[in-house]
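> Pasting the sequence and the predicted model now:
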Amino acid sequence: MELFFLVGAVGLLLVIFGVLSKKRKVQDVYYMCGGLCLLVYSIFIKDWIFVTLQCVFILAAFYDEERVLLFGRIKK
């Protein structure tokens with residue numbers, strides 16, 4: 001049980017590191033890894049809205065990572 005709380009805490013820290021990171025590729029990796037940890041935690045606590053949110057978050061980070069790899073950094 002404590003293992004899942006630890007996994008959730010690690011996931012939270014990884015997402016925070018992603019937000020604070022200045023490198024775009026590193027951000028997406030942190031987001032995906034943190035999202036997976038938080039997905040495991042949310043399945044453990046059986047919060048299905050959070051499970052759905054984490055799935056969308058992971059897919060969005062993966063999509064962004066692939067878009068950057070295929071097309072390069074898109075400037076605004």
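Thanks, I have it. Source: prediction; values computed, not measured.

> Gly34 contacts Leu14, doesn't it?
Yes: under the criterion of C-beta atoms under 8 Å, Gly34 makes contact with Leu14 at 3.1 Å. In short, each C-beta sits where N, CA and C put it, glycine included.

> which of these two has more neighbours?
Neighbours per residue (other C-beta atoms under 10 Å) separate Gly34 from Leu14, with Gly34 holding more: 25 against 20.

> So which elements touch the strand or helix carrying the more buried one?
Gly34 is located in helix 24-44, with elements delineated by DSSP states H and E. Counting contacts by 3 or more C-beta pairs under 8 Å, 6 or more residues apart in numbering; DSSP states H and E, helix 24-44 packs against helix 2-20, helix 48-71.

> what does the first one rub up against?
To tie it back to what came earlier, the one meant is helix 2-20. By C-beta atoms under 8 Å, 6 or more residues apart in numbering, the residues outside helix 2-20 that reach it are 26-31, 33-42, 44-45.

> again, only this time at 6 Å
Gln27, Tyr30, Tyr31, Cys33, Gly34, Cys37, Leu38, Val40, Tyr41, Phe44 (C-beta atoms under 6 Å, 6 or more residues apart in numbering).

> I'd like to know how many residues surround the residue lying closest to Glu65 once chain neighbours are set aside.
Computed as C-beta to C-beta, 6 or more residues apart in numbering, the closest residue to Glu65 that is not its neighbour in sequence is Asp28, at 3.9 Å. Residues near Asp28, counting by other C-beta under 10 Å, number 22.

> The one 10 residues further on too?
Residues near Leu38, counting by other C-beta under 10 Å, number 24.

> what about it, distance to Ile45?
Leu38 is 10 Å from Ile45, where distance means C-beta to C-beta, to the nearest Å.

> Touching, the residue nearest to Glu65 and Tyr63? I think so.
No: the pair Asp28 and Tyr63 does not pass the contact test of C-beta atoms under 6 Å, sitting 9.3 Å apart.

> Please produce JSON lines containing the helices and strands packed on helix 24-44, extended by mean pLDDT.
JSON lines is the format used below for these (pLDDT from 0 to 100):
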{"stretch": "helix 2-20", "mean pLDDT": "94"}
{"stretch": "helix 48-71", "mean pLDDT": "88"}
